[in-house]
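*Asks:* With the sequence up front, the predicted model follows.
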Amino acid sequence: MDFLRPASWEEALAAKAEHPTAVPIAGGTDVMVEINFDHRRPEYLLDLNRIGELREWEVGADTVRLGASVPYTQIMENLRAELPGLALASHTVASPQIRNRGGVGGNLGTASPAGDAHPALLAADCEVEAESVRGSRLIPIDAFYTGVKRNALAPDELIRAVHIKKADGPQQYSKVGTRNAMVIAVCAFGIALHPETRTVRTGIGSAAPTPIRAKAAEEFLNAALDEGGFWDSKKIITPSIAKQFAELASGAANPIDDVRGTASYRRHAVGIMARRTLGWTWESYRGKGRSTEGVA
Amino acid sequence: MRVNFTVNGRQQEADDVWEGESLLYVLRERMGLPGSKNACEQGECGSCTVRLDGVPVCSCLVAAGQVEGREVTTVEGLADYARQREEHGGCASGACGTSLQEAQQWRANPAKGATDSQTGEVGGGNPAAALSPIQQAFIDAGAVQCGFCTPGLLIAADEMLERNPQPTDADIREALSGNLCRCTGYEKILDAVRLAAARQDRQGLQEGAV
């Protein structure tokens, strides 16, 4: 094994081009476990800790460019207003020790369906900034997850940042697990209201081979809210609409039985979380609901 | 490979480090500092918690090569770290710290007059090896049983009190949520942190009054 320690982003890209099999390591949450347990012996480890710009973020007019290694702790503390869904999701990641080192780049790189950030990223809408010596490109999040623990990155590419749409309305995140801390999601659900476009986006975690959106549920809800004039009237969402939304979200899930939960439980729980988080965000949109402080 | 980094305020060098080795392994097996405990090796239990550039992390999830040029504080250096913070608001580089030999031989030296529950020894109050306030609070509150989780909890709790001197119970629970204890049921650990916070608060008030 070789340990590559690029001191700059350019050096990192050059190293990845020269050694496409090199495994990038930043927070170590996934990579070190695999090495500690002898599940993986990469030929090269590519340390990204020395690249300061990966830990920086820029708040623009419409998006936040979030460096791949910005620790979850920093997202929780500094970006709650711009990225409320991701801040809530970040708070459910493991423990303070892990949140101090892990970032969104790791979740995306590993592309596990259970990664806590995915449902929030899908709901908010974002693009992944991937770069190689050949150039830089933005991959829409909807095209990023390509299979179980597979993503759209080319072998010579590294994740530089994620460009996440700033919240234009309430966002929520919910995760089922056996305790508050140190839990891999049994399943998770993210929702974002986008009043500017009068749309709702969702994200489901741990209930399909990849993180997914509940697109049929979104389309149904978008039409129902539009037809009923809900965005203008801000009236309470009819229970039948919420129920239908929940059922469609549940139907979008394609889970498996495993040690953490059964497929049928996951399907059921996704529906419950969809209905609840819709209620929370809608109450917030109406100006009477819970804020995103301190929940999740 | 060779890794140069600061451990408990002193420059150290580890040789023949395997590229896939964890910081925890380097500390325990190469530096002779077994205070950071090795249990789950997957970031679940917090027994290996150390501070990396001041931030609590699981040392089992840090690749050794990632600490090149950085600062690590382990439980063996916690007493000195806390004293420097108290006296100088931090450590001027090179002016303080715990040598590798001191750290390797570190043992609890209770405050003057305090009785060791195991040996019955009365502490001599040697200031150089005195306990940090959080360590003393863990002893006084009975928060230590088998002791395996204690080093990680001490590091995590001390860092929280540094950041948040008057924590609520929810703050304490959250700060310690990454540290597992299988003996105590956590109640006495919470008591210990509350005790340390109250003592810190009282001391602050007294200093403020002078």
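*Replies:* All right, it came through fine.

*Asks:* Low-confidence bits of chain B, can you list those?
*Replies:* B:90-95, B:109-129, B:209-210 (pLDDT under 70).

*Asks:* what does it put close to chain A?
*Replies:* Contacts of chain B with chain A, taken as Cβ under 8 Å from any Cβ of the partner chain, map to B:1, B:18-20, B:22, B:41-44, B:46, B:49, B:55-58, B:60-63, B:65-66, B:68, B:156, B:174-175, B:177-180. Every residue, glycine included, has its C-beta placed from N, CA and C.

*Asks:* and residue B:162, that's in a helix?
*Replies:* Yes: counting by DSSP: H, G, I helix; E, B strand; the rest coil, residue B:162 is located in a helix.

*Asks:* What count of nearby residues applies to residue B:44?
*Replies:* Using other Cβ atoms under 10 Å in any protein chain shown, the number of residues around residue B:44 comes to 18.

*Asks:* Same check on residue A:39?
*Replies:* By other Cβ under 10 Å, the residues close to residue A:39 number 8.

*Asks:* Ok, residue B:19 next?
*Replies:* For residue B:19, using other Cβ under 10 Å, the count is 18.

*Asks:* thought it was touching residue A:2?
*Replies:* Yes: between residue B:19 and residue A:2 there is a contact at 6.2 Å, judged by Cβ atoms under 8 Å.

*Asks:* shared neighbours of those two, which are they?
*Replies:* residue A:45 (Cβ atoms under 8 Å, 6 or more residues apart in numbering or on different chains).

*Asks:* Just the CA trace of stretch B:174-187, in PDB.
*Replies:* Extracted C-alpha coordinates of stretch B:174-187, given in PDB (Å, rounded to 0.1, in the frame of the first residue of the first chain):
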ATOM      1  CA  GLU B 174     -25.300  14.700  23.000                       C
ATOM      2  CA  ALA B 175     -21.600  15.400  23.600                       C
ATOM      3  CA  LEU B 176     -21.100  11.900  25.000                       C
ATOM      4  CA  SER B 177     -23.500  10.100  22.600                       C
ATOM      5  CA  GLY B 178     -20.500   8.700  20.700                       C
ATOM      6  CA  ASN B 179     -19.000   7.000  23.800                       C
ATOM      7  CA  LEU B 180     -20.300   3.600  25.000                       C
ATOM      8  CA  CYS B 181     -20.100   2.400  28.600                       C
ATOM      9  CA  ARG B 182     -21.300  -1.100  29.400                       C
ATOM     10  CA  CYS B 183     -20.900  -0.900  33.200                       C
ATOM     11  CA  THR B 184     -22.400   2.200  34.700                       C
ATOM     12  CA  GLY B 185     -25.600   2.800  32.900                       C
ATOM     13  CA  TYR B 186     -24.300   6.400  32.300                       C
ATOM     14  CA  GLU B 187     -26.000   8.000  35.400                       C
END
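
*Asks:* list the contacts for residue 22?
*Replies:* You didn't say which chain, so I picked chain A. Contacts of residue A:22 by Cβ under 8 Å, 6+ apart are A:4, A:15, A:16, A:42, A:43, A:44, A:45, A:46.

*Asks:* The intended chain is chain B.
*Replies:* If you count contacts by Cβ under 8 Å, 6+ apart, residue B:22 has them with A:32, A:35, A:36, B:41, B:59, B:60, B:61, B:62, B:63, B:64.

*Asks:* got a winner among these for most neighbours?
*Replies:* Per-residue neighbour counts (other Cβ under 10 Å) across those peak at residue B:59, which has 32 neighbours.

*Asks:* What residues does the residue of chain B found nearest chain A make contact with?
*Replies:* Residue of chain B nearest chain A, by Cβ to the nearest Cβ: residue B:178 (2.4 Å). By Cβ under 8 Å, 6+ apart, the residues touching residue B:178 are A:94, A:95, A:96, A:97, A:98, A:181, A:182, B:43, B:46, B:49, B:58, B:156.

*Asks:* Next step: those residues restricted to strands.
*Replies:* Among these, the members found in strands (DSSP state E) are B:49, B:58.

*Asks:* which one of the contacts of residue B:178 has the most neighbours?
*Replies:* residue B:58 (35 neighbours).

*Asks:* Strands of the stretch 1-150 of chain A, start to end?
*Replies:* Remark: strands assigned in the stretch 1-150 of chain A by DSSP state E, counting those that start in this stretch are A:2-4, A:23-25, A:44-47, A:57-59, A:63-67, A:126-132, A:135-140, A:145-147, A:150-151.

*Asks:* Against which helices or strands is the fourth one packed?
*Replies:* Counting by 3 or more Cβ pairs under 8 Å, 6 or more residues apart in numbering or on different chains; DSSP states H and E, the packing neighbours recorded for strand A:57-59 are strand A:63-67.

*Asks:* Quick check: residue A:94 touching residue A:100?
*Replies:* No: look at residue A:94 against residue A:100 with Cβ under 8 Å: they stay out of range, at 10.0 Å.

*Asks:* For residue A:180, which residues are in contact?
*Replies:* Residues near residue A:180 by Cβ under 8 Å, 6+ apart: A:92, B:177.

*Asks:* Spell out which parts of chain A neighbour chain B.
*Replies:* Residues of chain A lying near chain B by Cβ under 8 Å from any Cβ: A:1-3, A:5, A:25, A:27-29, A:31-33, A:35-37, A:41, A:45, A:47, A:49, A:94-98, A:100-101, A:180-182.

*Asks:* if we go to 6 Å?
*Replies:* A:1, A:3, A:25, A:28, A:32-33, A:35-36, A:47, A:49, A:95-98, A:100-101, A:181-182 (Cβ under 6 Å from any Cβ of the partner chain).

*Asks:* which ones among these are found in helices?
*Replies:* A:32, A:33, A:35, A:36, A:96, A:97, A:98 (DSSP state H).

*Asks:* For the longest helix seen in chain B, which helices and strands make contact with it?
*Replies:* In chain B, assigned by DSSP H, the helix with the most residues is helix B:187-209. If you count contacts as 3 or more Cβ pairs under 6 Å, 6 or more residues apart in numbering or on different chains; DSSP states H and E, helix B:187-209 packs onto helix B:133-140.

*Asks:* and for the helix it packs on, what are the contacting residues?
*Replies:* Contact with helix B:133-140 is made by B:144, B:154, B:157, B:158, B:192, B:195, B:196, as judged by Cβ atoms under 6 Å, 6 or more residues apart in numbering or on different chains.
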